[in-house]
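when you get a sec, could you give me coordinates for this:
(chains A and B)
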Amino acid sequence: MSQPAEAVAAPAPQQSERSRRDFLNAVVRVRELGLIVALALLITITAIAEPRFVEAASLRDLVRNATIIALLAVGQTLVLVTRNLDLSVGSVLGLSAFMAGDLFQNNPDLPIPLVFALGILLGAAAGVINGALVTFGRLPALVATLGTLYVFRGLAFVWTGGSQVNAETLPDSFLSIGTSTILGVPTIALFTVVALVIVGYALRNYRAGRELYAIGSNPQAARLAGIRTDRRVMAAFVASGALAGLAGVLFTARYGTVDATAGTGYELQVIAAAVIGGVAIFGGSGSVWGAALGAVLLTTITSALIVLKVPAFWQQAVVGALLLAAIALDRFIAVRVAERLRQRSTRTTAAAQARNGGER
Amino acid sequence: MSEPSARSEAEAKPVIALRGASKAYGAVQALRDVSLGLTPGEVRALIGENGAGKSTLVRMLAGVERPDSGEVLLDGEPITFSSPHDARDAGVAVIYQEPTLFPDLSVAENVFMGRHPVRSGRRIDRGALRKEVAELLRRLGVPLDPDDPVRGLSIADQQIVEIAKALSFDARVLIMDEPTAALSGHEVERLFNVVRTLRDRGVAVLFISHRLEEVFEICTTVTVMRDGEVVWDGTTAEVTADDLVRRMVGRDLGALFPKQDTEIGEPVLEVSRLTREGVFVDVSFEVRAGEIVALAGLVGSGRSEVARAIFGIDKPDAGHVTVAGKRLRPGSPTAAMRAGIGFVPEDRRQQGLVMDLSIERNATLTRLGALARLGVIGRGAEQRLASEWAERLRIRFHRLTDPVAYLSGGNQQKVVLAKWLATDPKVLIVDEPTRGIDVGTKAEVHRLLSELAARGLAVLMISSELPEVLAMADRILVMHEGRLIRELPGRGTTEETVMQAATGRIAEAAITAADEGPADGLGKEGQ
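Below you'll find the predicted structure:
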């Protein structure tokens, strides 16, 4: 159907519809590609300076470190695309981590899946509170989850009463989740991969997933399109909470030692990871794949800087610079894409007008 | 299709109706005992000044609001739409004035959002989605790609996406709230063809417009609203445009476009070979003191873009702008303001006003520097300035401290004008100064522009409404596909002449005619 229009679009006959679409797709995909390239470069450079960085054990450690942030980033993406924000994930992780440790400490024979289920449930419950504040309470997500960040962290301090869970008191079968591998891949990472695949697939292939993007892109239009926006936003917060709950149980399995401060400050790392991964902070676009890659890149940078013996003070500055670079890149791409679309739109309209004018 | 029988049957029975509906927002009675029915195959116009209650009525039929008293009838049965979802399921499609689309998503997803075709396991069937949307767009005869993101589409194209959306669920009722406000020329014709097709298939259409000629072109029946009430209801055959205007405003307006004769002075704004790649090319013209020059053309011809480049919002790739002999730094609105250009943009909600700020704050935004003493803004001075302008422009308001969002469209536009007039500009650029403004206020805006020109202001006006262009402008510059292709005198030019130039049909002829014709300056900006 676009053929006749292109035929009359005299100003730019050489620009075919297909190549243009490929360009746009490339721009969208370029973020994931760019992240992979950056990651490969980073690992190569670090490996040249310190070959032990790419030994299997070291790489596995890297994956284990990235796994929890990546899992949180998956949940955060769900919330971010709806033009909301979940700052409470670090605190939810802390609560769930301590609960898992506490349960095993008191009842070492508890079935492991039950503890996982309870951790996820606890997280989901926290998500319901966040979601209720944002949807029914009509509070801005930034403020609502900033509030729950402190409330949940406070609850963790009350619950632990200053105590801490130690690895010796936890069952080995549970701790092995944090250390074992399946076919060379750290077991703990499989949880994240499964969550990633499920959420990624759902966001792309189910109406509910697409509706999240619609809500973030234009909330007013989403309501007018008959989307139950409150229900969807609530679901996004519950999912984010549930994933943070799961991440908490994994945190305990990985580190063994848990106190009330577990996961402090994770929320900002997670948001940074998502934004570096191309998730728009104002909603409407971004993928969980990008967010997870952003998490891996962030973790790798931290590890690389340690290996390269860069003073710890620099690490945060580097992360911040990367974040700014990512946002600058987004802005740059957005402007370029808008420019191209605008020019094309003008041409197409003009072409259509010329055609219609001629027919009359 | 069996339209004749379907239509005669239907006339007895409205598919959707309001019966005795009333609605109040706080102390304001938006609707008072309103009844209205839409029968299949009917295209009914709903007209009235801004604030007459049209939008409230639409929101009720669309399931966004519920009447305080009275009821909505679907096929004669009372029904409660608890959400837009319910209304849509009942087959009511609404096309709002401002397209309600998702800029980040593709055209196809915009059309089927929430109703994507699915395959096994309720997964979205992307192939079917693409195919169905391509088919809808083909039926509409538009060269849009279903995979294109909506961000970057022109307003006219976005409107088409909205219509495709309505078509996609075989709406029985189509409500269009000023769909043509952002369209011009062939887009309106394209839209009307679609409306006629839908009508012939037995869809009931409610068409809201401020353009009466369109009402007579497309509608068979008219409902006139005033102050929340239906004041007249009948067929287009039994009334004239003047009748309708009188019923809308409740009084005779006389001349709608009071353009005074002015003394034309020296050139104030000179635009020389302005070019922005892919948008407009080689645009040159001048506007003299006391002159109103209209920039006409179809939407997408580059009119607004030229204005934006003159004011420095977009940086031109070539050419320059001179104000009173001084060349402007390109791409700097600050420089343009300093040189004495005022710019009333097309989209007053987004670009012209800060909706949450008060009337006085908005009106004095351009003058903060002058109002400030040692960087602190004097409250008293601010109030004096604002109330002075409110007075001069006859802005109707409750309190100067009310947010501008509470004002009607026409009064909002006056606040934007006040904001710029307060800077005492030499040049005023107005982009669609009366879009979406009711007839009464429209005349006031015209009177104002005319008075300003009489005081020696150079006015550059962009407008899609040809009667406005013809009545207001001393000269008309017509753009087509990013080029200035014709210059016409304001007097003695007909709508047809402007349209022909705007559609590019007589561009060649015009230039030849200009070479031999007596009309001064005709076509001199051509090639």
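
how about the residue in chain B positioned nearest to chain A, phi and psi?
Nearest residue of chain B to chain A (Cβ to the nearest Cβ) works out as B:Gly152 at 2.8 Å. C-beta coordinates here come from the backbone N, C-alpha and C atoms, glycine included. When read as degrees, to the nearest 10, the backbone of B:Gly152 gives phi 100, psi -10.

can you count the residues close to it?
Per other Cβ atoms under 10 Å in any protein chain shown, the neighbour tally for B:Gly152 reads 19.

B:Arg486 too?
Neighbourhood size, B:Arg486 [other Cβ under 10 Å]: 30.

just how off-centre is the helix or strand where A:Trp289 lies within its chain?
Using DSSP states H and E, A:Trp289 maps to helix A:288-307. Relative to the mean C-alpha coordinate of its chain, helix A:288-307 is positioned 12 Å out (Cα atoms, centre = their mean, to the nearest Å).

just the terminal-to-terminal distance for stretch B:460-472.
For stretch B:460-472, the first-to-last residue distance is 11 Å (Cα to Cα, to the nearest Å).

check whether that stretch contacts chain A.
No: using Cβ under 8 Å from any Cβ of the partner chain, we find that stretch B:460-472 stays clear of chain A, coming within 13.6 Å at best.

average model confidence for that stretch?
If you average the pLDDT over stretch B:460-472, you get 84.

about what we covered before: what helices or strands is the helix holding A:Trp289 leaning on?
Judged by 3 or more Cβ pairs under 8 Å, 6 or more residues apart in numbering or on different chains; DSSP states H and E, the packing partners of helix A:288-307 are helix A:17-49, helix A:56-80, helix A:187-205, helix A:266-276, helix A:312-359.

which residues in the stretch 401-527 of chain B form strands?
B:427-431, B:458-462, B:475-480, B:483-489 (DSSP state E, counting those that start in this stretch).

return the residues of the stretch 351-500 of chain B in contact with chain A.
Taking Cβ under 8 Å from any Cβ as the contact definition, the stretch 351-500 of chain B meets chain A at B:His480, B:Glu481, B:Gly482.

among these, which one has the most neighbours?
B:Gly482 (26 neighbours).

for that residue, grab phi and psi.
Per degrees, to the nearest 10, the backbone of B:Gly482 is at phi 80, psi 10.

so it makes contact with B:Val281?
Yes: with contact defined as Cβ atoms under 8 Å, B:Gly482 counts as touching B:Val281 (5.3 Å).

quick one, helices of the stretch 101-250 of chain A?
Assigned by DSSP state H, counting those that start in this stretch, the helices in the stretch 101-250 of chain A fall at A:112-135, A:141-160, A:172-179, A:187-205, A:207-217, A:219-224, A:229-255.

any idea which of these scores lowest on pLDDT?
helix A:219-224 (a mean of 87).

which other helices and strands does it contact?
The contact analysis (3+ Cβ pairs under 8 Å, 6+ apart) places helix A:219-224 against helix A:207-217, helix A:229-255.

give me that answer again for 10 Å
helix A:207-217, helix A:229-255, helix B:84-89 (3 or more Cβ pairs under 10 Å, 6 or more residues apart in numbering or on different chains; DSSP states H and E).

burial check on the closest residue to B:Thr275 other than its chain neighbours, number of neighbours?
With sequence-adjacent residues excluded and distances taken as Cβ to Cβ, 6 or more residues apart in numbering or on different chains, B:Thr275 is closest to B:Ala318, at 4.2 Å. Counted with other Cβ under 10 Å, residues neighbouring B:Ala318 total 13.

just A:Ala57 next, same as before
A:Ala57, neighbours per other Cβ under 10 Å, totals 8.

what's the answer for the one 10 residues further on, then?
When neighbours are defined as other Cβ under 10 Å, A:Thr67 has 27 of them.

pLDDT at it, what is it?
95.

list the contacts for it?
A:178, A:186-193, A:247, A:250-251, A:254, A:292, A:295-296, A:299 (Cβ atoms under 10 Å, 6 or more residues apart in numbering or on different chains).

return a ChimeraX selection command for the buried portion of those.
Of those, the buried ones go into a single ChimeraX selection, burial set by 16 or more other Cβ atoms under 10 Å in any protein chain shown:
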select /A:178,186,187,188,189,191,192,247,250,251,254,292,295,296,299
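
separation between the residue of chain B closest to chain A and A:Thr302?
Applying Cβ to Cβ, to the nearest Å, the value for B:Gly152 to A:Thr302 is 38 Å.

same check, this time on A:Gly248
A:Gly248 is 21 Å from A:Thr302, by Cβ to Cβ.

compare these two (neighbour count), which wins?
A:Gly248 (32 against 20).

okay, angle between the helix holding A:Trp289 and helix A:187-205 too, please.
150 degrees (axes from the mean of the first three to the mean of the last three Cα atoms, to 10 degrees).

show me what contacts residue 196?
No chain was given, so I picked chain A. Counted by Cβ under 10 Å, 6+ apart, A:Leu196 has contacts A:Ala70, A:Leu71, A:Ala73, A:Val74, A:Thr77, A:Ala189, A:Val288, A:Trp289, A:Ala291, A:Ala292.

switch to chain B, that's the one I care about
B:Val43, B:Val205, B:Ile218.
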